[in-house]
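**Q** Just a sequence and a predicted model for now, questions to come.
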Amino acid sequence: MHIIIKSPGEIEDMKEAGRLSAMVLREVGKRCVPGVSTLELDQFAEDFIRRHGGIPAFKGYGGFPGSICASVNDEIVHGIPSKKKILKKGDIISIDTGATVNGWVGDNAWTYPVGSISPEKKKLLEVTERCMWNAIKAARPGNRLGDIGHAVESIARSNSYGVVRELTGHGIGRDMHEDPSVSNVGMPHTGKKLQPGMVLAIEPMVNVGTRKIRFGKDGWLISTADGKPSAHFEKTVAITKDGPMILTCEPGYDRPVG
Ligand code: MG
């Protein structure tokens, strides 16, 4: 494991990629309405990122064809945008966006309701978002990686939800995926010590039912094994001596942490 520590100046530089990743996420989120295809969302996102001086970080990554991942209902992550995938009222959709600016990468995700959704899905979104905030709060010097996993797992488990284990958060910097991997399960006070200059993409993936997953035929899509809904929230977070600093945010849009 080789964790690349970023200087305060480099963290400042990463904010630009973070800001654009957050802007495009919010703009795509607004467009998650009934009748829209996930390919239309993708095309909007790619255009938006390029118009603002960035490069879609996902496009071509490992051969991924889209600029966003769009994962609906029981789809957990890595949904390939498609003109055949049309959103309908009652769906939930995880949108994952990443932008590269000046060689630095930002990565974030949010699960949006499409119109009004069932109480089951509403609760899933609320709880998974809370898992993410709790994990971000744990991203501070003195804590360990296991504290982040535990922050997610403890809330999810108290709601009898399944926490996906095969996929994790990750270090991020000039590469989208750096060490360490950031599990969404863990024991308190275990694992690598967190220290200032680490930058992590923290991204709980939480299922209403089983934590077990299945792989799609396209080699990308990952869905719940039982077909029940899943949610996914993600932010890029720098660990500073004063605590967590969210990099994928726009001024005035993010709530304070800690
Ligand atoms: Mg990520």
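**A** On my side now, so go ahead.

**Q** Got the confidence number for the residue in the stretch 1-150 of the chain positioned nearest to the ion?
**A** Here the stretch 1-150 of the chain gets closest to the ion at one residue, D107, 4.3 Å apart by Cβ to the ion. Placement of C-beta: from N, CA and C, glycine included. Looking at D107, its pLDDT reads 98.

**Q** so it bridges to which residues?
**A** Beta-bridge partners recorded for D107 (DSSP bridges): G98.

**Q** was I right about it contacting H232?
**A** No: using Cβ atoms under 8 Å, D107 is not in contact with H232, being 11.9 Å away.

**Q** what sits in contact with each of these two?
**A** Counting by Cβ atoms under 8 Å, 6 or more residues apart in numbering, the contacts common to D107 and H232 are D96.

**Q** before we move on, back to that, distance of the residue of the stretch 1-150 of the chain closest to the ion relative to K59?
**A** Look at D107 and K59: by Cβ to Cβ, to the nearest Å, they are 13 Å apart.

**Q** For these two, indicate the residue with more neighbours.
**A** Comparing D107 with K59 by other Cβ atoms under 10 Å, the one with more neighbours is D107, at 28 against 17.

**Q** show me the contacts for that one.
**A** So D107 contacts S21, A57, D96, T97, G98, I172, M176, A201, E234, T236, T248 (Cβ under 8 Å, 6+ apart).

**Q** try 7 Å
**A** The contact partners of D107, taken as Cβ atoms under 7 Å, 6 or more residues apart in numbering, are S21, A57, G98, I172, M176, A201, E234, T236.

**Q** Could you list which of those residues belong to helices?
**A** S21 (DSSP state H).

**Q** Next, count neighbours for the nearest residue to M198 once chain neighbours are set aside.
**A** Once flanking residues are discounted, M198 sits nearest to I239: 4.6 Å by Cβ to Cβ, 6 or more residues apart in numbering. As a burial measure, I239 scores 22 neighbours (other Cβ under 10 Å).
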